[in-house]
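Engineer: coordinates only, sequence not included:
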């Protein structure tokens, strides 16, 4: 397993994924934010998980100006880097390919984001309720973008 | 005397009817499948934080979890100081690490007690919780409260530990060491505990990686991940200590890792206290006026594993988004792997081995018949079966 | 004082219901059973089912999912029953009262006889609360 040096990681990503990467920002020391095309999520996530042996930490759903953003957080435990893949989802059709088939660690959080925001994860093996049963109604999404 | 008069039962909410954490589908004695239902503990903390100022968030996140009460403010403070580009003074780093390690001590002792209870060793439960009181007294002396210490602020800590108090604290820690020896000996050398916990609840390296498990759960399967070493923060790079791992992969290995970590924690605290004696008192924070716009990612090593906080700020006084991920979120999912194929009697100890923090997740377990899907036993029954198995083993030995 | 109330006071059997909490309160309750505070010497026990309980100890803020369970438990409990709202969350909801799933503090759901405030209440406070309750 090779530990990739922080300085060359942005260039390496651009080399391998070119048009799928919108921009790479070095956020703080040992923290990187990579804005990617959402269609390229599986490929780029697989690159980090498989080739670079990163660990999936968690994903965060957020409301943003045009709709939603999902940030996927990965950790390289050999050097403490946290790489964060940012994807943007359209407000009218918020959906993205599920990571749960690639790594089991993504299973629950995708269910939770679905319940809170109403985002659909395509091909998720089991997109059923995790925390919402009894706490809010089926068609409610408490963290979703407010209309108007 | 009925068995009901012996001790409180089970994990933190022992007696709640049908909270349905885990449904263990069983064929005969063997668990075949597991389903999960939760939501009983959902408090909407991430949304609450969006209406609090950055300073107030410390008090909210402390109460995400009672036992990892310091780890959440720790990770949050790390995130905020990265964003504000603030370098915390050395004395504050030592104080933070001391509080963090004391918490690890009390959390692992709590775990030892509960694990002992599940196996039927109620004496271990009573003793380890009695020794835990020594640490809670120490907390009260240093911070004013047994739990929920409110020690952290952005840029440092809120209260100092006066140098005059340090020799007392070291004395208390010295009295604790022989007690830890006692507990470690009692657990690690007992043949019945070996029989109950070795080769039980095995999680291979591949399982750990697939589920993204962290903390002692991962370290017990030989994967040496520990945020304190991998992504160093506070005083951890300034003192000597080592990451404890085990190749056992089973429940015994998880117990071994936690017990040995107790010694490392005591050593870290000792070293921090020694170094603090050489530093000027009172230099415990740097003022931070503004939090700039941006994103930040902070983490800390809680007793259960990596705590991860993500903050998005827009330059105002409150976070726009605050994502909290506790270690139990990923650790509990491993139950699906570690429990299937095991007997019902082992179910409670396998679940306890992961040290689930129920406030980050949920409570008890129930057993269902695999074919009819009818409930056949509840959490109390599972614990009774576990005690029965221990008694049977004791008879045989 | 009748024989019933005399016996009632001598040995309280407690059923603990935990709502959505940080578990600190629950641990402090268990702490009461450990050797330092040893609440069992007063005859106080934690029991496994509400049907044997004299006291219903409710901790944690109650979210919508817990609310139904709490009402069900209260109805199943044999009367007379003393209800104790435990901790800041039990008394008023604490900091979680602003949360989306919050379903009202305990006294809006079932009648409460005693409040033990604190975050978490120290075991000494718990013992004092129980004593006050029995002297009511």
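Structural biologist: That came through, no problem. Note that this is a predicted model, so its numbers are computed, not measured.
Engineer: What sits closest to residue C:110 if chain neighbours are left out?
Structural biologist: Sequence neighbours aside, residue C:74 is the residue nearest to residue C:110 in space, at 4.6 Å (criterion: C-beta to C-beta, 6 or more residues apart in numbering or on different chains). Using the backbone N, CA and C atoms, a C-beta is placed for each residue, glycine as well.
Engineer: any idea how far the one you found lies from residue C:32?
Structural biologist: Noted for residue C:74: a distance of 23 Å to residue C:32, by C-beta to C-beta, to the nearest Å.
Engineer: which of these two has more neighbours?
Structural biologist: residue C:32 (22 against 18; other C-beta atoms under 10 Å in any protein chain shown).
Engineer: tell me which residues of the least confident helix or strand in chain A by mean pLDDT are tucked away?
Structural biologist: Lowest by mean pLDDT, DSSP states H and E among the helices and strands of chain A is strand A:21-28, with a mean of 82. Neighbour counts using 16 or more other C-beta atoms under 10 Å in any protein chain shown place A:21, A:24, A:27-28 of strand A:21-28 among the buried residues.
Engineer: Now for residue A:5, how many residues are close by?
Structural biologist: Based on other C-beta under 10 Å, the number of other residues close to residue A:5 is 10.
Engineer: can you give me the helices in chain A?
Structural biologist: Taking DSSP state H as the test, the helices found in chain A are A:9-17, A:41-46, A:107-117.
Engineer: what's the most buried one of those helices?
Structural biologist: Across the helices of chain A, averaging neighbours per residue (mean count of other C-beta atoms under 10 Å in any protein chain shown) puts helix A:107-117 on top, at a mean of 23.
Engineer: looking only at pLDDT, what's the mean for that helix?
Structural biologist: Helix A:107-117 shows an average pLDDT of 87 in the prediction.
Engineer: can you tell me if it touches chain B.
Structural biologist: Yes - for a cut-off given as C-beta under 8 Å from any C-beta of the partner chain, helix A:107-117 has contacts with chain B, namely A:107-109.
Engineer: what does chain C put close to chain A?
Structural biologist: Residues of chain C lying close to chain A (C-beta under 8 Å from any C-beta) are C:63-65, C:68, C:100-101.
Engineer: same question, chain B
Structural biologist: With C-beta under 8 Å from any C-beta as the criterion, chain B comes near chain A at residues B:36-39, B:42, B:44, B:47, B:82-83, B:85, B:209-212, B:225, B:230-232, B:294-297, B:299, B:306, B:308, B:310, B:312, B:320-321, B:323, B:325, B:329-330, B:333.
Engineer: low-confidence ranges in chain B?
Structural biologist: Residue ranges of chain B with pLDDT under 70: B:1-23, B:35-41, B:357-382.
Engineer: need the contact list for residue B:78.
Structural biologist: Counting by C-beta atoms under 8 Å, 6 or more residues apart in numbering or on different chains, residue B:78 touches B:233, B:298-300, B:309.
Engineer: Also compute the angle for the helix or strand it falls within relative to strand A:21-28, please.
Structural biologist: For residue B:78, the element it lies in under DSSP states H and E is helix B:71-84. Counting by axes from the mean of the first three to the mean of the last three C-alpha atoms, to 10 degrees, helix B:71-84 lies at 110 degrees to strand A:21-28.
Engineer: Helix or strand next in line after helix B:71-84, which one?
Structural biologist: Under the assignment DSSP H and E, the closest C-terminal helix or strand after helix B:71-84 is helix B:90-119.
Engineer: Reformat the contacts of residue B:78 into CSV and put distance to chain C next to each item.
Structural biologist: Output for those, formatted as CSV (distance: C-beta to the nearest C-beta, whole Å):
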residue, distance to chain C
B:233, 23
B:298, 20
B:299, 20
B:300, 17
B:309, 16
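Engineer: could you dump the residues you listed to CSV with distance to residue A:69?
Structural biologist: Formatted as CSV, the contacts of residue B:78 follow (distance: C-beta to C-beta, whole Å):
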residue, distance to residue A:69
B:233, 27
B:298, 19
B:299, 21
B:300, 25
B:309, 17
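Engineer: pretty sure residue B:297 belongs to a helix, no?
Structural biologist: No - under DSSP: H, G, I helix; E, B strand; the rest coil, residue B:297 falls outside any helix and is assigned strand.
Engineer: nearest residue to residue B:193 other than its sequence neighbours?
Structural biologist: Closest residue to residue B:193 apart from its sequence neighbours, by C-beta to C-beta, 6+ apart: residue B:187 at 5.9 Å.
Engineer: The one you found falls within a helix, correct?
Structural biologist: Yes - counting by three-state DSSP, residue B:187 is found in a helix.
Engineer: Can you give me the neighbour number for it?
Structural biologist: 23.
Engineer: Cross-check the contact I'm expecting between it and residue B:116.
Structural biologist: Yes - with contact defined as C-beta atoms under 8 Å, residue B:187 reaches residue B:116; the gap is 7.5 Å.
Engineer: Name the residues contacting each of these two.
Structural biologist: Common neighbours of residue B:187 and residue B:116 (criterion: C-beta under 8 Å, 6+ apart): residue B:124.
Engineer: could the helices of chain A be laid out in a markdown table, adding distance to residue B:99?
Structural biologist: As requested, these are arranged in a markdown table below (distance: least, C-beta to C-beta, whole Å):
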| stretch | distance to residue B:99 |
| --- | --- |
| helix A:9-17 | 34 |
| helix A:41-46 | 36 |
| helix A:107-117 | 29 |
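Engineer: For chain C, find the nearest of these.
Structural biologist: Closest to chain C of the helices of chain A is helix A:107-117 (C-beta to the nearest C-beta; 9.6 Å).
Engineer: Which residue would you name as the spatial centre of chain C?
Structural biologist: residue C:57 (1.4 Å; C-alpha atoms, centre = their mean).
Engineer: Wasn't it part of a strand?
Structural biologist: Yes - assessed with three-state DSSP, residue C:57 lies in a strand.
Engineer: Which parts of the stretch 251-397 of chain B are strands?
Structural biologist: Assigned by DSSP state E, counting those that start in this stretch, the stretch 251-397 of chain B shows strands spanning B:294-302, B:305-313, B:319-325, B:365-369, B:375-377.
Engineer: how far does the helix holding residue B:78 sit from the chain's center?
Structural biologist: 19 Å (C-alpha atoms, centre = their mean, to the nearest Å).
Engineer: which of the residues in it are buried?
Structural biologist: Buried residues in helix B:71-84, counted by 16+ other C-beta under 10 Å: B:71-84.
Engineer: Might you list the low-confidence residue ranges for chain C?
Structural biologist: For chain C, the stretches flagged by pLDDT under 70 are C:1-10, C:136.
Engineer: ok, the residue nearest in space to the middle of chain A - contacts?
Structural biologist: Nearest to the geometric centre of chain A sits residue A:72, at 2.8 Å (C-alpha atoms, centre = their mean). Residues in contact with residue A:72 (C-beta under 8 Å, 6+ apart) are A:41, A:45, A:56, A:59, A:84-85, A:87, A:99, A:106.
Engineer: Please tell me which one of the residues you listed counts the most neighbours.
Structural biologist: residue A:99 (26 neighbours).
Engineer: Right, I'll call it a day here.
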